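>>> need a 3D model of the following:
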Amino acid sequence: MTAKPPATVHDEYWHIHTDTEQYERFHYTTLLYLNTYSKDFKGGRFMFDTPGFNNTIHPRIGRVSMFTSGVENPHHVERVTSGVRYAITIPFTCDPGYGIGDPSSSFLENF
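Got it, this is the predicted structure:
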């Protein structure tokens, strides 16, 4: 995430949302942070917006957060005001139709 203007509405990460609104197959969302808040960028903190429970995650290199992706976890990310915020989003599904099967041993022998 950068301070650049968003290209689409889905780039407007600062609005309160749940991940299943955009990605219905997300059952769990994991974030791996690749750089550090206030050192590498300003803004960009991850905030849960559950009524009666407000929790803020300060990104730090190597920090991992995981949460259920539904209406029980509304959240947003503060706008990045300087620098670049790097994070990898890793979704998990409970729907076997969208899962990735176990690789065969012959597949692993190629590495």
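>>> C-alpha from now on. contacts and neighbour counts both.
OK.
>>> where are the low-confidence patches of the protein?
Across the chain, the ranges flagged by pLDDT under 70 are 1-4, 10, 103-111.
>>> ranges for the strands of it?
28-33, 41-42, 46-50, 53-57, 64-68, 75-77, 82-83, 87-92 (DSSP state E).
>>> who's in contact with the residue lying closest to residue 95 once chain neighbours are set aside?
Distance criterion Cα to Cα, 6 or more residues apart in numbering; nearest residue to residue 95, sequence neighbours excluded, is residue 25 at 7.4 Å. Residue 25 makes contacts with 93, 95, 98, as judged by Cα atoms under 8 Å, 6 or more residues apart in numbering.
>>> and those residues, which is closest to residue 6?
For residue 6, the nearest member of those is residue 93. The distance, counting by Cα to Cα, is 27.4 Å.
>>> show the contacting residues for the closest residue to residue 55 other than its chain neighbours.
Computed as Cα to Cα, 6+ apart, the closest residue to residue 55 that is not its neighbour in sequence is residue 48, at 5.3 Å. Residue 48 makes contact with 54-56, 73-76, according to Cα under 8 Å, 6+ apart.
>>> picking up where we left off before, can I get the contacts of residue 25 in TSV with distance to residue 35 and neighbour count?
Output for the contacts of residue 25, formatted as TSV (distance: Cα to Cα, whole Å; neighbours: other Cα atoms under 10 Å):
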residue	distance to residue 35	neighbour count
93	26	16
95	32	10
98	30	10
